[in-house]
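Enquirer: here you go, sequence then predicted model.
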Amino acid sequence: MKPLLMLLVITAPAWTKDTCLECHAALEGRLGKPAEQFKDDIHAHRGFGCAACHGGDPSSADPKVSMSPSRGFRGVIPRRQVPEMCARCHSDAALIHRFKPQQRVDQLAQYRTSVHGKRLAQGDLGVATCADCHHAHGIREVRDAQSPVHPLRLPETCAGCHADPKHMKGRAVGTAQFAEYRNSVHWKALAERGDLSAPSCATCHGNHGATPPQVKSVAAVCGGCHALLEEMFSRSVHKVAFEQMSAPGCVTCHGKHEILPPSPKMLAGDGSVCASCHESQSKGARAAMHMARRLAELQAANERSGRILARARQSGMEVSEAELRQREAADRLVKARVAVHTFDLAAFEAPVKEGLAIAAETYRSGEEALRERDRRRKGLAFSLAAILVTIGGLWLAIRRVESAPPGELGR
Amino acid sequence: MAVTETEPARRGWFEERLGLDSVRAFLRHKTVPRHSGTMWYYFGGITLFLFLIQVATGILLLLYYRPSPAEAYESVQFIMTRVEFGWLIRSVHSWSANLMILTAFIHMFSVVFLRAYRRPREVTWLSGIMLLGLALAFGFSGYLLPWNTIAYFATKVGTDLAGDVPVIGPWLARFLRGGDQVGGGTLTRFFGFHVAVLPAVTTVILGLHLALVQKFGISTPPKVEEEARRTGVPIPQMPFFPNFFLREMIAWYSALAVLGALAALYPWELGEKADPFAPAPAGIRPEWYFLAPFYTLKLIPSRVWIFEGEVVGIIGFGLLALCWVALPFWATRRDGSERTRLVTGAAVLLIAYLAVFSALGYFR
Amino acid sequence: MHGRVAKMAKRGTRRGLVQWLLGSGLAASAASFFYPVWRYLNPPEIPEASANEVSAGKVNDLKLNSAKIVKFGSTPALLIRTGESSWQAFSAICTHLNCTVQYRDTTRQIWCACHNALYDLNGRVVSGPPPRPLEEYTVHVRGDEVVISRRG
């Protein structure tokens, strides 16, 4: 098959006839749609025709010839054979090298390690193959915003099966993931801010080798981006404790798909995450309460400083330097929240103390600005009084000048 | 007159060298008519006073301001935060600019309603209109100097509109901007206009205006003149010095009080440094004195018959301005009588248009 | 006769009052105008508005292959001593989500702790989420003082 394929490819520019497209474009429905979609296909743009995958002879207008098995025609590729068919080219390093030297050629190998690949090998036809995610005929590059595997569209593509109860019937994996992911900070970063570096399904699960991370590897997966947090966590007491419980890092507290913005409520109070393991009044629970309280303190101090500086600014005082310094206090709050993951009160206290000191400093700046404002108003009052006295004098002078009989004042 | 012995000697020295006698004699004989509209006579003087304040505070600001995009905003921020009483000087300058334009308009409309444009005061009127234009030019050029976001985009819009003037538009826009875009070239140029070109031209025109006012004296409204003719009672006059002068001092001092209060209680904002690459913030507006024409242009559809809407608007404003400038010439009939109702009607319409469209431009 | 003298006497005292009011009013208001102007004319302690150039300390303050954060106008800047007499300075604000970056001397790269971004010593993104390189500043050494300034 391969030599034939090579021949087709090498002679591609010489083709003037592609009877597959010519006939099928004139058909309706199931038979016509692929021809229409193929116009946008990257393979078409690179000179591959229908025969590259389906076989047959595209130079003959006679269906008995063009679609003859003796010319290699295969018709619709059976699901189970799709990965191997695509891999005929896409695992051929020398071939792909002629089009995109940097493109990977191990997709099939990866696929075989995936849940989809393993199940397909066992005969489960309800799992994804290449054509389900990339589509069969209008295949676009991943970076094309209309491709179903573009980062912004990938979650919907996965959800096509994974959120469909009918499709997932009888499977253990459930269908809540997509809805949960849509509530998460990662989806918001991706969809609302357009941050293409934000994770979608494939970022954590892999794309061709799609497999949920094992318990031991979850922290490493999150740590791919959240490196500092993973480092802190792995040096903390929770790492060993979680390992003993066979609980995965990160997702035990933050959730798998519905990762929400963290808040001090996770530490203490009703429905806190810590309370789900730590009994109240235990060492852990008290540490959690302490951290929650200190975070609330720092946040309140920041808000106080923010309010007084805003008041000073609205009265016309220039407080941009103090407001800049206040940003450093806000930074410390972020650092403190991050430091929670060390689960070490000493490491946690350091940014909290710094933040409180800076907030106190900026609060004093705000007070000074308001005092300066009052001084200005007193100065204004003085000059207004002086002006009023002068105006009074002028008015009296006018009265004097105009009430005196002519001649008396020497005029 | 109770004078000490040394005074005549001192007086004599200055008089001999400066010829003050003629000035004193003139002042002694200068009078101001006294009638129900006398209070409007103060507004010219107040405008002059505010202009003098602008010159003084402007010179003070010049000591610290730097006219380049890299430093302009920071130097104004420096004046506001680090220089002692810098906030006061800058706020007074900004407030006084606005008050001056307001009093200039009031002065102009009071001249119209008191008919002070009549023969032989037509050139006084023309020089006055030129001064109003110069004041608006001062306002437009000065607005850009702090190089903040709102000023940058307002200048962009303003110079774009200049580009829509027929025939000379593109040249005019390029001349104003110092290039194809609003940038460092514009800032340098506007600075040059604001501190050198405009003051020089204003000095000449202002000198002419004041000299003509002294030459022809203060005009009396026709109604008062008629009344005097009818009853035979001469028009009551107030000596300029000291009566009117003292009153004018009260007016000037009150203006000072208002300025000080505004500067201290409502200091002028600085905003953020202009970023030419950032998109224009929503709701960019020029200063209030440009709001009426600005809003009118927004209302004109983008195409009127075969012409571009903005060009129609600009030509319209040009024609309106021309009519207004030529007021003394169509306000008086060939036989010398006044088209009083026409002039009053036109002035009231103009005031209404300016007030309504400025308000609309502000709130929409 | 008496009335006229009394009137003149009253005028006399009135005149005194008027003069006093005018005199003191003028003096006080003049003082309230000229005092601020006088203070304004005296240059303040820091005579320059420096948002385009900042002194970043002495040459010997930084060891080779180390860095520090310096306040530059309204934002932090990262100053790195890459060699005996070679320096680099960048805006310390990560172009991803505005966290403050830091220098990693072990790998000679600039790192952002928030999402593990890495920049090289030219400010270009090596890996991670940032969409743009770091803004680069110019560094001059004047005598024994290191000065950071904006480019262009």
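Expert: Yes, it's here.
Enquirer: please, which helix or strand holds A:Asp331?
Expert: For A:Asp331, the host element (DSSP states H and E) is helix A:320-339.
Enquirer: next structured bit after that helix?
Expert: On the C-terminal side of helix A:320-339, the nearest following helix or strand under DSSP H and E is helix A:345-403.
Enquirer: how big is the angle separating that next one from helix A:320-339?
Expert: 160 degrees (axes from the mean of the first three to the mean of the last three CA atoms, to 10 degrees).
Enquirer: helices or strands up against helix A:345-403?
Expert: helix A:283-314, helix A:320-339, helix B:245-265, helix C:2-41 (3 or more CB pairs under 8 Å, 6 or more residues apart in numbering or on different chains; DSSP states H and E). Glycine gets a C-beta too; all of them are placed from N, C-alpha and C.
Enquirer: list the buried ones in the helix holding A:Asp331?
Expert: Of the residues in helix A:320-339, those scored as buried under the neighbour-count criterion (16 or more other CB atoms under 10 Å in any protein chain shown) are A:322-323, A:325-333, A:335-339.
Enquirer: and the helices and strands packed on helix A:345-403 as a markdown table, adding distance to B:Ser36 and mean pLDDT?
Expert: Formatted as a markdown table, the helices and strands packed on helix A:345-403 follow (distance: least, CB to CB, whole Å; pLDDT from 0 to 100):
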| stretch | distance to B:Ser36 | mean pLDDT |
| --- | --- | --- |
| helix A:283-314 | 44 | 92 |
| helix A:320-339 | 52 | 86 |
| helix B:245-265 | 15 | 91 |
| helix C:2-41 | 28 | 80 |
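Enquirer: quick one, which of these gets closest to A:Ala172.
Expert: helix A:283-314 (32.7 Å; CB to CB).
Enquirer: which helices and strands sit right next to the closest one?
Expert: Against helix A:283-314 (3+ CB pairs under 8 Å, 6+ apart) you get helix A:320-339, helix A:345-403.
Enquirer: for those, which has the smallest mean pLDDT value?
Expert: Note on the helices and strands packed on helix A:283-314: lowest mean pLDDT is at helix A:320-339, with a mean of 86.
Enquirer: A:Cys50 reaches A:Leu21, doesn't it?
Expert: Yes: the criterion here is CB atoms under 8 Å, and A:Cys50 meets it with A:Leu21 at 6.6 Å.
Enquirer: ok, these two, which is more surrounded?
Expert: Ranked by neighbour count (other CB atoms under 10 Å in any protein chain shown), A:Cys50 and A:Leu21 place A:Cys50 first, with 22 against 18.
Enquirer: how far away is A:His116 from A:Glu84?
Expert: As judged by CB to CB, to the nearest Å, A:His116 and A:Glu84 stand 14 Å apart.
Enquirer: could you do A:Gly49 as well?
Expert: According to CB to CB, A:Gly49 stands 20 Å off from A:Glu84.
Enquirer: so between those two, which is more surrounded?
Expert: Neighbour count, other CB under 10 Å: between A:Gly49 and A:Glu84, A:Gly49 has more, with 21 against 13.
Enquirer: how about the more buried one, nearest residue that isn't a chain neighbour?
Expert: A:Asp18 (5.0 Å; CB to CB, 6 or more residues apart in numbering or on different chains).
Enquirer: which residues touch that neighbour?
Expert: Going by CB atoms under 8 Å, 6 or more residues apart in numbering or on different chains, A:Asp18 touches A:Gly49, A:Cys50, A:Pro58.
Enquirer: which of those sits closest to B:Ser141?
Expert: When the contacts of A:Asp18 are compared against B:Ser141 (criterion: CB to CB), the nearest one is A:Gly49, at 67.5 Å.
Enquirer: you'd agree the closest one is up against A:Pro58?
Expert: Yes: counting by CB under 8 Å, A:Gly49 touches A:Pro58, with 5.4 Å between them.
Enquirer: dihedrals phi and psi, C:Arg142?
Expert: Backbone torsions for C:Arg142, taken as degrees, to the nearest 10, come to phi -110, psi 110.
Enquirer: need the residues of the stretch 51-200 of chain B near chain A, please.
Expert: Counting by CB under 8 Å from any CB of the partner chain, the positions of the stretch 51-200 of chain B adjacent to chain A are B:Gln77, B:Met80, B:Thr81, B:Trp87, B:Leu88, B:Ser91.
Enquirer: does the fourth one touch A:Glu318 like I think?
Expert: Put plainly, it is B:Trp87. Yes: counting by CB under 8 Å, A:Glu318 is a contact partner of B:Trp87 at 7.2 Å.
Enquirer: more neighbours, these two?
Expert: Using other CB under 10 Å as the criterion, B:Trp87 and A:Glu318 rank with B:Trp87 on top: 24 against 21.
Enquirer: what about the closest residue to that one other than its chain neighbours, neighbour count?
Expert: In space, and not counting its chain neighbours, B:Trp87 is closest to B:Met80: 5.1 Å by CB to CB, 6+ apart. When neighbours are counted by other CB under 10 Å, B:Met80 registers 23.
Enquirer: in three-state terms, label B:Met80 for me.
Expert: At B:Met80 the chain is in helix, as set by DSSP: H, G, I helix; E, B strand; the rest coil.
Enquirer: residues contacting it?
Expert: A:Glu318, B:Gly86, B:Trp87, B:Arg90, B:Leu270.
Enquirer: pLDDT value on it, please?
Expert: B:Met80 is assigned 87 on the pLDDT scale.
Enquirer: can you tell me the element A:Arg140 falls in?
Expert: Applying DSSP H and E, one finds A:Arg140 in no helix or strand.
Enquirer: which phi and psi does the nearest residue to it once chain neighbours are set aside have?
Expert: Nearest residue to A:Arg140 in three dimensions, chain neighbours excluded: A:Ser147, at 3.9 Å (CB to CB, 6+ apart). Backbone torsions for A:Ser147, taken as degrees, to the nearest 10, come to phi -70, psi 140.
Enquirer: for A:Leu260, same thing?
Expert: Backbone geometry at A:Leu260, expressed as degrees, to the nearest 10, gives phi -100, psi 160.
Enquirer: against C:Asn116, how distant is it?
Expert: Counting by CB to CB, the gap from A:Leu260 to C:Asn116 is 21 Å.
Enquirer: do the same with C:Arg151
Expert: According to CB to CB, C:Arg151 stands 28 Å off from C:Asn116.
Enquirer: so these two - more neighbours on which side?
Expert: Using other CB under 10 Å as the criterion, C:Arg151 and C:Asn116 rank with C:Asn116 on top: 18 against 8.
Enquirer: show the contacting residues for the more buried one.
Expert: Counting by CB under 8 Å, 6+ apart, C:Asn116 makes contact with A:Gly223, A:Gly224, A:Cys225, A:His226, A:Ala227, A:Leu228, C:Ser127, C:Gly128.
Enquirer: check the second one and give its pLDDT.
Expert: The one in question is A:Gly224. Reported pLDDT for A:Gly224: 87.
Enquirer: residues in contact with it?
Expert: A:Thr203, C:Asn116.
Enquirer: that one in helix, strand or coil?
Expert: Recorded secondary structure, A:Gly224: coil (three-state DSSP).
Enquirer: from A:Cys250, how far out is it?
Expert: When distance is defined by CB to CB, A:Gly224 is 11 Å away from A:Cys250.
Enquirer: equivalent analysis for the fifth one, please.
Expert: Per CB to CB, A:Ala227 is found 12 Å from A:Cys250.
Enquirer: below-threshold pLDDT in chain A: ranges please.
Expert: A:1-16, A:404-411 (pLDDT under 70).
Enquirer: rerun that using 80 as the cut-off
Expert: A:1-17, A:215, A:270-271, A:314-316, A:318, A:320-321, A:324, A:403-411 (pLDDT under 80).
Enquirer: how about the nearest residue to the closest residue to chain A within chain B, chain neighbours excluded?
Expert: In chain B, the residue that lies nearest chain A is B:Pro267 (3.3 Å; CB to the nearest CB). The shortest distance from B:Pro267 to any non-neighbouring residue, by CB to CB, 6+ apart, is to A:Gly316 (3.3 Å).
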